[in-house]
Structures are given as structure tokens and as C-alpha cells.
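[1] Structure of the sequence below:
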Amino acid sequence: MNRSTQTRALSINPAFLQEIKDSNLTLWKTFDRLNEACREQRPPASSLGLLVPLLGELRDALALEFALEESYGYIEVPSAVAPVNNHLLHDIRSQHCRLYLKITELAERAEELQFRGLANNDLGTLVAEVREFGLELRDHERVEADLIRCSGQMSPPRD
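    The predicted structure follows:
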């Protein structure tokens, strides 16, 4: 079978994926600052003034992270050497789009609240959704870390 007709499957390049995660310190510093801002008790306008730039920074840092991961961390390989968990890999990689769209929506809502002004409980709802997003992002990162860890234990079939 020639190379152009081989069935392809998704795998990870664990070294590159780990390197990408280790080198994007801005992402996790911004994430920590955002979590701290969500916990602090401030006047609503002050809280929103802090959340707007942090959500924008996190959105931009995630865009970079996900682009690098999809370009260098996830790779297509011949299906004969693909890991058994190909569906899981597709699911995890597809979360990048969903997470990015969600952080973009949160950043835009925060900007709109800042522009239009706060209504009753708008800030509380936004903060709750930012916290929920943080949990989803941590879960996603935990699964990717597990994939990296497990990839060293899986070896491709020998010819």
C-alpha cells in the first residue's frame, strides 16, 4: 500500500506537547491571576476592570497554546502504529475549539458589561462562569498530562 492511501490516525508527540506546556508560563500566570480576581471582594466596577484584561490575556494565551499543540503536539500517523485510544485523542483535541470559543465569549461578555454597565447579578453570573471555565480547562490539561505520561508506557507494534 502506498503512503498516500494508508489510513491515518491521531497520536501525540509527547516531547513536543510537554515542551509546549512547559514554555507557556504566561498562560498559567494569567490563569492564576484570573482565579485570584474571581475570589477577591472588590466593588463591582473594580472587579470588572480587572476581569476584562485578564480574560483577554487568557484568551490570547490559549489561542497560542492550542495552535502550537495542534501543530506540533498532535500528529497523524499510520493507523497501524496509532494508539488504541484514537477516539479519546480526537475528543481531547476537539476540546481546544470549544474551550477557545468559551473563553472568547466570556471575554466579550465582560467587555460588554464594562461598556454598558452592570445590571443586577451580571458580575456574579460572569464570575461563576469564569470559575466553571477554569475547572473545564484544568480537566482538559489533566487529561493531556495523562496522555503524555501514558505515551511513554505505550510502544508501537513491532514489524
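
[2] Quick check: buried residues in stretch 131-147?
    Going by neighbour count (16 or more other C-beta atoms under 10 Å), the buried part of stretch 131-147 is 133-134, 137, 144, 147. The way it works is simple: take the backbone N, C-alpha and C, and place the C-beta from them, glycine included.

[3] Distance from that stretch to the middle of the chain?
    What separates the centre of stretch 131-147 from the centre of its chain is 7 Å, taken as C-alpha atoms, centre = their mean, to the nearest Å.

[4] what about it, average pLDDT?
    Averaging pLDDT along stretch 131-147 gives 96.

[5] what are the C-alpha coordinates of it, in PDB please?
    Output of stretch 131-147 as PDB, limited to C-alpha atoms (Å, rounded to 0.1, in the frame of the first residue of the first chain):
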ATOM      1  CA  ARG A 131     -14.800  29.600  37.500                       C
ATOM      2  CA  GLU A 132     -16.600  26.900  35.700                       C
ATOM      3  CA  PHE A 133     -14.400  27.500  32.600                       C
ATOM      4  CA  GLY A 134     -11.300  27.200  34.900                       C
ATOM      5  CA  LEU A 135     -12.400  23.800  36.000                       C
ATOM      6  CA  GLU A 136     -13.000  22.700  32.500                       C
ATOM      7  CA  LEU A 137      -9.600  23.900  31.400                       C
ATOM      8  CA  ARG A 138      -7.900  22.200  34.300                       C
ATOM      9  CA  ASP A 139      -9.700  18.900  33.500                       C
ATOM     10  CA  HIS A 140      -8.600  19.200  29.900                       C
ATOM     11  CA  GLU A 141      -5.000  19.800  30.900                       C
ATOM     12  CA  ARG A 142      -5.100  16.900  33.300                       C
ATOM     13  CA  VAL A 143      -6.200  14.500  30.600                       C
ATOM     14  CA  GLU A 144      -3.400  15.800  28.300                       C
ATOM     15  CA  ALA A 145      -0.900  15.300  31.100                       C
ATOM     16  CA  ASP A 146      -2.100  11.800  31.500                       C
ATOM     17  CA  LEU A 147      -1.800  11.200  27.700                       C
END
